[in-house]
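Visitor: Structural data only, the sequence is not supplied:
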């Protein structure tokens, strides 16, 4: 007897149509909004920039000292990669996930993202944010009992003159199974936390590990005011490493990822049984937003908290910003991560980046970062070119690894550097 529904790409059953049809139509017919003078302009708050920068890079004065930044000729404090991306609400109606009640088991994951910058953002500048693209692809294997969709969501930021200055592309994946043998659907909380059973235990950090960290801290170099010229950067160069101040603890994760008010459940949501059937419930009986799976290790014995999608990437971003100095500007900052659920691991994410790194071919993002991990940032120069606009660009393979060399985030990066010929 067949236990699960079998699926084929593009062939949707009547119970799938109400969720799948409108989303396919939205992606196919999406028209981007081009801002004009009537659209609201939000000024980048300097306090918010300093708070974000200190969270991920408290060491470089360019990102932490307003007077220093202005003395370098900047209009305000430059933002570390990711600040404007984090101001986009992933729960916008056009981006909401599929209805968890439509199937018997549900899986979802972020796969990564790419941030593209046409300029360096600083505090005090104007931004206008709009969804500028949407894509949905059925990546189901023919005859599989797992239906899988990939989603690309594109958000653009424009300046006061209506020029696109920042584009964020976020990649996600969702999948589901449907029982057809009469079994009830899997309890949603059990479904959401089943990955905990095969998540690795935390590593004990010993005295010798702290000595190793100290060696990395002592060797860390901030290029600062001394220009790094494009002509002086060689392909194959490994830049100085960075390292977190010890292992990441639950206190770090809570401080880095404060829960916004809309993620705290209301009385109306708690009384809605259709709603509470599709949210995380901890061992104390409390209903929590699904982002609580990141903090769930605090509530489930034998497990540990796991990083949010970009935590490791933002922790190692300074590996590149240290190297390019005050005159260098990030033009692309990407990240790829390891899905919690085995069912959604359809490819080796990050393997394409490592193909250009000597000695790293075949490596990829190997697991998700978690409480207890010490995060080491490593980067290698993988290419140089002159862009169409005349900028001199350098490509980097940037990645986050643990003390044991496990890769927990891969980050393709590009930066513009000054040229001796300018």
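Guide: Cool, got the structure. Remember, predicted model here, so these are calculated numbers, not experimental data. Numbers count the residues shown, from 1 in each chain.

Visitor: On the pLDDT front, check the most centrally placed residue in the chain for me.
Guide: Per CA atoms, centre = their mean, the C-alpha nearest to the average position across the chain is that of residue 310, at 3.4 Å. The model reports residue 310 with a pLDDT of 94.

Visitor: Settle this for me: it is touching residue 80, isn't it.
Guide: No. Applying CB atoms under 8 Å as the test, residue 310 and residue 80 come out as separate, 11.3 Å apart. Glycine gets a C-beta too; all of them are placed from N, C-alpha and C.

Visitor: Remind me which helix or strand residue 395 belongs to.
Guide: Using DSSP states H and E, residue 395 sits within strand 392-401.

Visitor: and the next element down the chain from that strand?
Guide: strand 407-417.

Visitor: Now find how far off-centre that next one is within its chain.
Guide: In terms of CA atoms, centre = their mean, to the nearest Å, the centre of strand 407-417 is set 12 Å apart from its chain centre.

Visitor: Within the sheet, what are the partner strands of it, with directions?
Guide: Strand 407-417 has its sheet partners listed here by DSSP bridges as strand 329-336 (antiparallel), strand 392-401 (antiparallel).

Visitor: would TSV of the ones you listed with distance to residue 241, mean neighbour count and mean pLDDT be doable?
Guide: Formatted as TSV, the strands paired with strand 407-417 follow (distance: least, CB to CB, whole Å; neighbours: other CB atoms under 10 Å; pLDDT from 0 to 100):
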stretch	distance to residue 241	mean neighbour count	mean pLDDT
strand 329-336	18	24	98
strand 392-401	9	24	98
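
Visitor: Nearest to residue 200, out of those strands?
Guide: Set against residue 200 and scored by CB to CB, the strands paired with strand 407-417 come closest in strand 392-401, at 14.5 Å.

Visitor: domain ranges for the protein?
Guide: As assigned by automatic domain parsing, the chain contains the domains 1-198, 200-248+307-422.

Visitor: got any ranges where the stretch 51-200 of the chain has weak pLDDT?
Guide: For the stretch 51-200 of the chain, applying pLDDT under 70 flags the ranges 85-96.

Visitor: rerun at 90
Guide: Residue ranges of the stretch 51-200 of the chain with pLDDT under 90: 83-101, 121, 126-135, 153-166, 188-200.

Visitor: where do the strands sit along it?
Guide: 105-117, 126-138, 147-158, 164-177 (DSSP state E, counting those that start in this stretch).

Visitor: which helices and strands does the third one pack with?
Guide: I take that to be strand 147-158. Packed against strand 147-158, as judged by 3 or more CB pairs under 8 Å, 6 or more residues apart in numbering; DSSP states H and E, are the following elements: strand 126-138, strand 164-177.

Visitor: Return the most buried member of those strands.
Guide: Highest mean neighbour count of those: strand 164-177, a mean of 21 (counted as mean count of other CB atoms under 10 Å).

Visitor: and residue 420, helix, strand or coil?
Guide: Judged by DSSP: H, G, I helix; E, B strand; the rest coil, the three-state class of residue 420 is coil.

Visitor: Hmm, it is touching residue 228, no?
Guide: No. Using CB under 8 Å, residue 420 is not in contact with residue 228, being 11.0 Å away.

Visitor: returning to that earlier point: ranking the domains of the chain by burial, who's on top?
Guide: Ranked by mean neighbour count, those are led by domain 200-248+307-422 with a mean of 19 (mean count of other CB under 10 Å).

Visitor: quick one on the thing from earlier: quick check: which of the domains of the chain is nearest to residue 264?
Guide: Closest among the domains of the chain, using CB to CB: domain 1-198, at 13.1 Å.

Visitor: what pLDDT does residue 409 get?
Guide: pLDDT, residue 409: 97.

Visitor: May I have the beta-bridge partners of it?
Guide: Bridge pairing for residue 409 - DSSP bridges - gives residue 400.

Visitor: now it: how far from residue 155?
Guide: 21 Å (CB to CB, to the nearest Å).

Visitor: and the gap between residue 383 and residue 156?
Guide: Taken as CB to CB, the span from residue 383 to residue 156 is 26 Å.

Visitor: which residues does the closest residue to residue 331 other than its chain neighbours contact?
Guide: Spatially, and ignoring its direct neighbours in sequence, residue 331 is nearest to residue 414 (4.6 Å; CB to CB, 6 or more residues apart in numbering). Residue 414 makes contacts with 330-332, 393-396, as judged by CB atoms under 8 Å, 6 or more residues apart in numbering.

Visitor: Need the domains of the chain in JSON lines (columns: distance to residue 270).
Guide: JSON lines is the format used below for these (distance: least, CB to CB, whole Å):
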{"stretch": "domain 1-198", "distance to residue 270": "15"}
{"stretch": "domain 200-248+307-422", "distance to residue 270": "25"}
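
Visitor: Of all those, which one is nearest residue 268?
Guide: The closest of those to residue 268 is domain 1-198. By CB to CB, the value is 16.5 Å.

Visitor: Would you map the helices across the stretch 201-350 of the chain?
Guide: Under the criterion DSSP state H, counting those that start in this stretch, the stretch 201-350 of the chain contains helices at 207-219, 250-256, 267-271, 273-276, 311-324.

Visitor: So for residue 360, which of those sits nearest?
Guide: In terms of CB to CB, the element of these nearest to residue 360 is helix 311-324, at 15.3 Å.
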